[in-house]
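[1] have a look; sequence and predicted model below, questions after that.
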Amino acid sequence: MARFVFVDITQHRRIVGWIERGILFLSLWYAGFHVMPRAWTGLVTDFPNYYISARLAHEHYDTSRIYEWTWLQREKDQRAIDIRVIGLVPITPFSTLAMWPLTGLAPLTAKHVWILLTLVLLVPIGWMLHSMTRLSYQRIALAFSLSIPLYRNLQFGQFYVLLLFLIAAACWAYLRGHRGLAGALVAIAAACKIFPVLFFVFFLQRRDWRALAWGLITGVAAACVSVAVFGWNVHRTYLHEILPSTLHGDAATPYVPVASISGIFHRLFLFEPQWNPNPWHPSPLCYALLLPAAQMLVLAPAILLIRREDNTRSRILLEWSALLTASLSVSTIPASYHFVLMSLPMCAVAEVLLWRKRYGWLAALVFVYIGIGLPFPAPHGQMGFGNLLHELRLPLMVSMLSGMYALLWHGRPLSNPARDWTRYAWATAMAVSVILSARSTFLRERAVRREYVYRVPLSAQGFLNANLQSSGAGMRFIAFMSSGYHLMTTDQNSVWIDPPDGSLKDDLSFASGFGNVWVERGLSPHSQIVEIRNPSRVVIDDAREPMLSSDGQSLAFIRDDLGKGRLMVRRAFQSAAGNEVALTPSSLNVYEASFVSDQEYAFSAVEGWSPPQIFLTDATHLNIPLALGESRYPALSPDGRWMAYSHLENGAWNLWIRDQKTGATRRIADEPCNQIQPFWEDDSKTLFYSTDCGRSLWFTAVSRRRVIP
């Protein structure tokens, strides 16, 4: 009888082995004949974001503005990188240094090398997973082959296989007793993508001070390297503006509920005139109460179930996997390619289920793992809880995480004579965190919605709407769309691309007056300012952000040298005899300006590593910095009496105005969101401006408000 049972088990294993080989073969065929050709032939997205940032730093450019969408698009156009749009938010500067060795190559060639390096990294990752889980190489290869996020990483040239390598290597080093190395690898991973910082909680819970110390030392070293390469100003922007928006869920389009608790609650409870006009139940209070509570309910067990008295390999690996899965589950901006990281938890849980012979649960695990990787389309027009039916990744993630928590709970010691009071401290700290987060979130979201009363309703607009200017009964502005940047004109009834020539060239800024419009076209090797009614006529080469003088005779502009701007003016610019004059010294990096004449203008600029401030030239000033603090976007009123500008405070740019006669300043708004690029109407009392209140960071809408009685 035992012999027949043995034969039956052997035959069953042989059948399972052939099924696994068949699936692996089909997956490799799909990767080789479908994924790789698409990945190899074009710059789809994401890879150029890393590549161009590292290349700019390698070429010794001033990179303080690399997070600004239009600025980076201009640099992309000047290098003729074959992709329509580009943006660095919310990528950390340090993570782009992985592309540093590739910056001497052409973009597509660099992507080819990156894809090959990504494939090579799968070898040590597979070896480490085999060493940690005792799974066969065939089954680890099967886990990779069933990971659709892995294919997305290859297609997009993404970063997350390298991140998987760092996290897996840190876990492997910890299990081998190399605690300092584990802490250092976690710090490098956290410098690349913020969420691995949660593994420091793992070290704290296990009282592993060596890992924690080396993690802190390595983190400081990584920050110093990043600042040395990119400068302090871009890191100031990241810490003050981008990181807080990322934690709030506003660094990417917040109303797309793709595997994000934050995205679902945005969709259900927060009203936004253009992006979410009909939420299921518009209530900032519900959003503020439910979001931090839901995120903490998902994350808290991963922390509280860490048992420092149990140092077995399987326990540590399962705790590590649960913390990784929980961090992805509470992420505010998850994308499909992020979930290649789930290969580690998948292998860890599969080992436990195989050892316990829970084959039914193993089949469910495989189903959930495949489902997590599927690319779910974002719902369009679907409101309410129907969103959950369109987006299954988050419920599947929570299901897999719940299974890990069950394994950790049943694997805990039956008795613990030395009661660990730190768990009560952690639980108390997390409860207090939820309360404080709910309060701050409610105040923030309520304040953000005060701005909506000034929103200008447009029949069509882009993700980003900038450089607003009056145009008869309507306005003109630059709109960032999926096809690039276009000059838009609007009247009371409609919005259209101006000129409607079907050009794929980016229109990045413009000036208008006296019946004509001059637009900045992003081209290689330099941007050009052309007449909109005569696009073949180049007015000024190697120039950005044109500004027309009040008499229509001079055109001011900014010319860049290695990323540093200098304010220039061409007098009599319509004639061949026009001459150019520099208005600012080369020591200043000019960001933007407002120009009336050679004798009256204002501009924002940076000197060294200082924050941006506004400089003024008029009858009593000559390129003198004003005592306005960290300020940008000056706008001089047509009557010369006022200057509007944006001042940074508590991570947000808010509108202020300055009386040019007395020097007195007055705050116009105090909102926890950005109000930038003001433009005066002819009455010198009303402002158009761009605002991202209720939207993604710097994805601005159009607003209008009267600021002078």
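    It's in.
[2] quick one: the helices in the stretch 301-450 of the chain?
    313-329, 343-355, 359-373, 387-390, 393-410, 422-448 (DSSP state H, counting those that start in this stretch).
[3] in CSV: those, plus mean pLDDT.
    Below are those laid out as CSV (pLDDT from 0 to 100):
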stretch, mean pLDDT
helix 313-329, 95
helix 343-355, 94
helix 359-373, 92
helix 387-390, 58
helix 393-410, 92
helix 422-448, 93
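[4] tell me how many other residues crowd the residue nearest to Tyr369 when sequence neighbours are not counted.
    Distances taken as Cβ to Cβ, 6 or more residues apart in numbering place Met346 nearest to Tyr369, at 4.9 Å, with adjacent residues excluded. Yep, even glycine has a C-beta here, placed from its N, CA and C like the rest. Met346: 29 surrounding residues under other Cβ atoms under 10 Å.
[5] touching, Met346 and Gly371? I think so.
    No: using Cβ atoms under 8 Å, Met346 is not in contact with Gly371; the gap is 12.0 Å.
[6] which residues touch the residue nearest to Leu198 when sequence neighbours are not counted?
    Sequence neighbours aside, Ser327 is the residue nearest to Leu198 in space, at 4.9 Å (criterion: Cβ to Cβ, 6+ apart). Ser327 makes contact with 195-196, 198, 299 under the criterion Cβ atoms under 8 Å, 6 or more residues apart in numbering.
[7] kindly report the same for Asn49.
    If you count contacts by Cβ under 8 Å, 6+ apart, Asn49 has them with 86-88, 91, 96.
[8] tell me the centre residue of the chain?
    Nearest to the geometric centre of the chain sits Pro90, at 2.3 Å (Cα atoms, centre = their mean).
[9] returning to what we had before: out of the contacts of Ser327, who has the most neighbours?
    Going by other Cβ under 10 Å, Pro196 tops the contacts of Ser327 with 24 neighbours.
[10] how much space between the closest residue to it other than its chain neighbours and Ala222?
    Leaving aside its chain neighbours, Pro196 sits nearest to Ala189 (3.9 Å; criterion: Cβ to Cβ, 6+ apart). Applying Cβ to Cβ, to the nearest Å, the value for Ala189 to Ala222 is 10 Å.
[11] just Ser597 next, same as before
    Distance from Ser597 to Ala222, counting by Cβ to Cβ: 48 Å.
[12] what's the answer for Pro277, then?
    With Cβ to Cβ as the criterion, Pro277 and Ala222 are 43 Å apart.
[13] settle it for me: which of the two has more neighbours?
    Comparing Pro277 with Ala222 by other Cβ under 10 Å, the one with more neighbours is Ala222, at 20 against 10.
[14] contacts for the host helix or strand of that one?
    Assessed by DSSP states H and E, Ala222 sits inside helix 209-230. Under the criterion Cβ under 8 Å, 6+ apart, residues 57, 63, 66, 92-94, 97, 174, 179-184, 186-188, 190-191, 200, 203-204, 235 lie in contact with helix 209-230.
[15] could you list which of those residues belong to strands?
    Judged by DSSP state E, strands contain none of the contacts of helix 209-230.
[16] what's the neighbour count on Ile540?
    Using other Cβ under 10 Å, Ile540 has 22 neighbouring residues.
[17] wait, is it part of a helix?
    No: under DSSP: H, G, I helix; E, B strand; the rest coil, Ile540 falls outside any helix and is assigned strand.
[18] quick check: bridge partners of it?
    Beta-bridge partners of Ile540, counted by DSSP bridges, are Ile529.
[19] separation between it and Gly219?
    Separation of Ile540 from Gly219 (Cβ to Cβ) stands at 46 Å.
[20] ok, now Met430?
    In terms of Cβ to Cβ, Met430 sits 23 Å off from Gly219.
[21] ok, Gln675 next?
    Gln675 sits 34 Å away from Gly219, going by Cβ to Cβ.
[22] neighbour count: the two, which is higher?
    More crowded of Gln675 and Gly219, by other Cβ under 10 Å: Gln675, with 28 against 19.
[23] which ones are touching that one?
    The contact partners of Gln675, by Cβ under 8 Å, 6+ apart, come to 451, 646, 653-655, 668-669, 689-691, 693, 703.
[24] for Ala582, same thing?
    Shown in contact with Ala582 (Cβ under 8 Å, 6+ apart): 566-568.
[25] kindly report the same for Trp29.
    Counting by Cβ under 8 Å, 6+ apart, Trp29 touches no other residue.
[26] pLDDT weak spots in the protein?
    The chain contains residues with pLDDT under 70 at 1-10, 12, 257-258, 376-391, 411-420, 492, 499-504.
[27] could the contacts of Asn49 go into JSON lines alongside distance to Ser226 and neighbour count?
    Below are the contacts of Asn49 laid out as JSON lines (distance: Cβ to Cβ, whole Å; neighbours: other Cβ atoms under 10 Å):
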{"residue": "Ile86", "distance to Ser226": "20", "neighbour count": "21"}
{"residue": "Gly87", "distance to Ser226": "19", "neighbour count": "24"}
{"residue": "Leu88", "distance to Ser226": "13", "neighbour count": "23"}
{"residue": "Ile91", "distance to Ser226": "12", "neighbour count": "21"}
{"residue": "Thr96", "distance to Ser226": "9", "neighbour count": "27"}
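[28] looking at those residues, spot the one nearest Pro37.
    Nearest to Pro37 among those is Ile86, at 23.4 Å by Cβ to Cβ.
[29] hang on, the closest one in a helix?
    No: in this structure, Ile86 is coil, not part of a helix, as judged by three-state DSSP.
[30] quick one: it and Phe699, what's the gap?
    As defined by Cβ to Cβ, Ile86 lies at a distance of 15 Å from Phe699.
[31] same check on Val44?
    21 Å.
[32] those two: which is more packed in?
    Remark: of Val44 and Phe699, Phe699 carries more neighbours, 23 against 16, as counted by other Cβ under 10 Å.
[33] list phi and psi for that one.
    When quoted as degrees, to the nearest 10, the phi and psi of Phe699 stand at phi -90, psi 80.
[34] show me what contacts it?
    The contact partners of Phe699, taken as Cβ under 8 Å, 6+ apart, are 253, 463-464, 480, 692.
[35] select from those every entry located in strands.
    Within those, residues falling in strands by DSSP E are 464, 480.
[36] so which bits of the helix or strand harbouring Lys111 are buried?
    Following DSSP H and E, one finds Lys111 within helix 107-133. Across helix 107-133, burial judged by 16 or more other Cβ atoms under 10 Å covers 107-108, 110-112, 114-115, 118, 121-122, 125-126, 128-129, 132-133.
[37] ok, of those, which one's closest to Gly522?
    Gly522 lies nearest to Pro107 out of these, by Cβ to Cβ, at 16.1 Å.
[38] ok, the closest one touching Tyr51?
    Yes: shown here, Pro107 and Tyr51 form a contact pair, counting by Cβ under 8 Å, at 5.9 Å.
[39] now for the two: what residues contact both?
    Ile81.
[40] ok but Met568 is inside a strand, no?
    Yes: counting by three-state DSSP, Met568 is located in a strand.
[41] what's the burial count for it?
    Neighbour count of Met568, defined by other Cβ under 10 Å: 20.
[42] which strand residues bridge it?
    Note on Met568: beta-bridge partners by DSSP bridges are Phe557, Ala582.
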